[in-house]
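Asks: Here is my input; please provide its structure:
(one chain, ligands or ions: 1)
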Amino acid sequence: MPLPKEMPRSLQKSPKKPKDQEEIRVVDNRYVVEKKLGSGNFGTAYLVRDMKTKTADGEWKVLKEISVGDLAPDETVGAMHEAKLLSKLDHPGIVKFHDSFLEKENFCIVTEFCEGGDLDNVFSEYRKQKTTPAPEQVMEWFIQLLLAVQHMHQRKVLHRDLKARNIFMKNNVLKVGDFGISRILMGTSDMATTFTGTPYYMSPEVLKHEGYNSKSDIWSIGCILYELCCMKHAFEGQSLMGVMYKIVEGKTPSLPDTYPKELNEILARILTKDPAKRPSAADLLTTPYIAKKIEVLKIKMADMKITVSVNKVDAQAEAQDIKKALSEKHKLGDMRREQEAHLTPRERMRIRKQQKAEEEARRLKVAAFVQYNENQRRQSETRHSHFRSSIDVTKAGPPPQSQTAWGSVLHQQNLYNIPDLGVLHEHTREQPLQNESLYLTAEETPRPITSFEPSYRDFDEQPIPTLAKKGVEAKQPYQRSYSDDGPRLRSSSTGQLEEKSAAEKNKKSKLRSRSDSGDDKLRSSSDSGTSSSGATDSPRRDMFEIADDDIPEDPQMAETFYTLHEDFESSGSSVEEDLSYGSDGELEGEDDFGALANYMQSALDLTAADNTTVSDDTVSDAFGPAVRDTKIRNMRTQCEKALGKDTFKKVYRYLKDTRFGGNNETIDEVDLMNGLRKYVTNPSDCFIVDQLLFLEEQAKIGQA
Ligand SMILES: Nc1ncnc2c1ncn2[C@@H]1O[C@H](COP(=O)(O)OP(=O)(O)OP(=O)(O)O)[C@@H](O)[C@H]1O
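Replies: Numbering: from 1, shown residues only. Okay, here's the model as predicted:
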């Protein structure tokens with residue numbers, strides 16, 4: 001008997017719902033969940049679109065859900081109150097806290113989204129590429145961190161969990177995340193004893209349980225400064241306990257010679273074991289060496305306020321593409337729900353590719369960023385050596401115009417502009433085109449700058465160049481979202497004005513090209529990338545020639561097709577509609593740079609009166625020998641509470657035997673953690689027990 005063409009619905013096997021088409025989740029009637037960013041100690045973070053904003057498609061934000069099922073109602077009230085206060089704080093170096101609310105068993109926090117990800121990811125990328133950022137870049141980031149910390153300390157808010165994973169990047173500006181959040185989450189309990197994360201940034205006083213104050217935040221900033229320079233932790237050890245001993249009793253680490261000795265001295269001051277002798281953020285900002293750098297950066301930031309507006313147009317245009325891709329995903333989801341059509345394998349593949357591409361774009365963004373900084377570092381080193389040789393030449397006699405000589409050295413160095421990384425955005429088209437695609441071929445190397453950077457009076461005071469790169473290597477690192485902007489023009493006399501007019505020109509042409517319809521957009525988009533330079537077409541353009549209405553069967557070809565197809569599909573909306581404006585009508589990025597410049601000025605105006613230490617009133621100030629036993633007893637109770645009496649006993653015995661059992665062999669931390677898995681699911685839950693053991697050992701040393 002022939003099989004019916006179509007089986008009755010009741011007999012059809014209901015297809016398993018692909019993950020991609022899970023129902024759209026809306027939180028608090030307002031936040032559309034787009035994807036999970038990750039989970040941390042306190043909960044899970046999601047990228048969401050806030051639909052209650054001026055733009056039709058909402059604004060990207062981050063929603064953190066923290067399960068607080070067993071919180072008492074009065075604890076919740078306190079947390080909500082603290083959260084309200086936090087949402088009033090506004091600083092370009094601090095991730096903006098937008099909103100908080102309770103939803104079912106979750107305490108939800110909504111914050112600004114930082115497209116550059118966290119500093120830990122950036123570090124990993126540097127480590128992978130075996131490089132470190134340029135000293136000027138380190139200085140710039142360090143100052144941004146100090147400004148943010150000073151702002152909060154002035155307002156009596158402590159962070160208490162400063163670490164690379166809590167620092168985010170947006171438009172190459174570092175933003176401290178979760179400021180004050182630990183206090184909301186931990187209530188009035190002592191952070192030091194309940195902290196379950198990494199010990200690398202913890203100060204000696206916290207490890208010794210002597211209380212937390214603003215100087216403990218400063219210690220963490222010192223650890224981050226060291227990591228920025230060396231790409232490794234300031235205090236490392238074979239084991240958790242080893243790290244703790246190093247922090248409390250070890251030598252202060254110093255920076256390699258490639259960093260200015262002034263910075264090394266500053267690091268040593270920050271990593272002073274005694275918090276009373278450690279400088280405050282205000283002390284540091286008023287240190288002459290830092291103040292001088294702030295002067296230079298203030299000018300640069302004000303300058304970047306101009307250039308970022310161009311990048312912002314690109315960024316917003318690209319963000320629009322992401323939105324489009326995501327709405328496409330939703331459309332497909334709707335189709336499924338309404339049973340109007342079944343997804344074809346190609347559609348399914350397309351969604352999968354899209355998601356993979358987003359992940360890859362994020363990774364590439366960080367990789368390109370690191371490469372960009374590496375270029376800056378090399379450029380800076382070359383300049384430094386040229387500067388030195390120009391001094392030597394000057395010392396040796398004529399020609400006496402070292403300034404001119406320095407300027408001409410720069411001009412002769414065949415400076416090239418490189419893609420501005422402010423435009424690196426999570427974007428489907430940023431995915432690599434097969435294996436070659438991380439690199440540009442010789443024809444695709446960035447175009448030479450037609451003019452030149454201003455000549456610099458003093459190397460130390462020169463503005464940090466962000467647009468130029470020396471030399472061309474056989475293969476240049478490629479950044480997918482390579483800006484189509486023409487070269488930015490600068491002259492020594494009117495650099496800023498010319499840059500602005502070039503920027504504005506580009507901005508206008510962007511607006512024009514994006515508001516054109518599909519085909520025109522393709523043309524204007526790719527044309528603008530080549531016409532000004534006369535360079536050959538990019539692979540992206542070539543590949544596009546294969547496009548027709550059918551998605552190619554071959555997966556790799558299909559991948560390329562998707563990238564290109566979605567890249568240039570008509571969005572039907574103009575860029576003007578998509579730009580997200582701040583309350584004063586300015587573009588967001590501009591706000592940050594302008595505001596940073598203002599905060600730099602305030603830092604320069606700081607006085608001795610600002611150099612105060614902020615204490616956390618929830619934690620006792622001193623842990624003298626007299627109260628040590630009580631503290632240890634309390635800690636033991638907390639361990640029991642956290643792990644359960646039985647588990648605590650087993651974990652305590654295991655850790656004590658392993659660490660202090662008389663076996664002098666080096667402890668392998670991984671083995672130790674695996675051993676702990678016999679007793680607990682998450683070995684990091686036992687950190688508190690390690691702390692207890694550490695304190696007991698300290699007490700023994702004290703008594704001896
Ligand atoms: N504002 C943000 N912008 C961009 N990404 C974010 C933001 N906040 C968090 N993330 C990302 O979300 C993920 C989870 O972050 P979350 O802060 O919940 O935990 P964590 O930082 O990994 O750990 P911890 O709980 O120790 O702070 C991380 O990958 C983080 O980079």
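
Asks: going forward, measure contacts between C-alpha atoms and count neighbours the same way
Replies: Fine.

Asks: pLDDT below threshold where in the stretch 1-150 of the chain?
Replies: The stretch 1-150 of the chain contains residues with pLDDT under 70 at 1-22, 41-42, 56-57, 69-76, 78.

Asks: Repeat that for the stretch 201-350 of the chain.
Replies: Scanning the stretch 201-350 of the chain for pLDDT under 70 picks out the ranges 238, 303-349.

Asks: Could you rerun that using 90?
Replies: 206-213, 236-245, 249, 296-350 (pLDDT under 90).

Asks: By proximity to the ligand, which residue of it wins?
Replies: Closest residue of the stretch 201-350 of the chain to the ligand, CA to the nearest ligand atom: Tyr201 (11.8 Å).

Asks: Now for that residue: which residues touch it?
Replies: The neighbours of Tyr201, taking CA atoms under 8 Å, 6 or more residues apart in numbering as the test, are 162-163, 219-220, 223-224.

Asks: three-state assignment of Ala595?
Replies: helix (DSSP: H, G, I helix; E, B strand; the rest coil).

Asks: What sits closest to it if chain neighbours are left out?
Replies: Pro92 (6.3 Å; CA to CA, 6 or more residues apart in numbering).

Asks: circling back: looking at this, the residue of the stretch 201-350 of the chain closest to the ligand is in a strand?
Replies: No - counting by three-state DSSP, Tyr201 is not found in a strand; it is coil.

Asks: List phi and psi for it.
Replies: Here is the backbone geometry of Tyr201 (degrees, to the nearest 10): phi -100, psi 0.

Asks: how far away is it from Ser684?
Replies: Separation of Tyr201 from Ser684 (CA to CA, to the nearest Å): 16 Å.

Asks: likewise Arg160?
Replies: 18 Å.

Asks: Pick out whichever of those two has more residues nearby.
Replies: Arg160 (26 against 18; other CA atoms under 10 Å).

Asks: For the more buried one, which three-state class applies?
Replies: Recorded secondary structure, Arg160: coil (three-state DSSP).

Asks: what about the residue lying closest to it once chain neighbours are set aside, which helix or strand?
Replies: Spatial nearest neighbour of Arg160, excluding adjacent residues (CA to CA, 6+ apart): Asp217 at 6.2 Å. Asp217 belongs to helix 214-230 when elements are defined using DSSP states H and E.

Asks: which outside residues touch the next helix or strand after that helix?
Replies: Going down the chain from helix 214-230, the next helix or strand is helix 240-249, by DSSP H and E. Contact with helix 240-249 is made by 199-200, 202-205, 207-208, 235-237, 273, 669, 690, 694, as judged by CA under 8 Å, 6+ apart.

Asks: at 7 Å what do you get?
Replies: With contacts defined as CA atoms under 7 Å, 6 or more residues apart in numbering, helix 240-249 is touched by 203-204, 235-237, 690.

Asks: Identify each buried residue in stretch 651-665, please.
Replies: 651-652, 654-655, 658-659 (16 or more other CA atoms under 10 Å).

Asks: tell me the contacts of the spatially closest residue to Glu669 that is not a sequence neighbour?
Replies: Ranked by CA to CA, 6+ apart and with sequence neighbours excluded, the top spatial neighbour of Glu669 is Ser239, at 4.9 Å. Neighbouring residues of Ser239 by CA under 7 Å, 6+ apart: 667-669.

Asks: so which of the residues you listed comes closest to the ligand?
Replies: Looking at the contacts of Ser239 and their distance to the ligand, the nearest is Glu669, at 19.3 Å (CA to the nearest ligand atom).

Asks: And the closest one, how far from Pro683?
Replies: 11 Å.

Asks: Near the ligand, which residues of the stretch 51-200 of the chain are found?
Replies: Proximity of the stretch 51-200 of the chain to the ligand is confined to 62, 111-115, 117-118, 165-166, 197 under the rule CA under 6 Å from any ligand atom.
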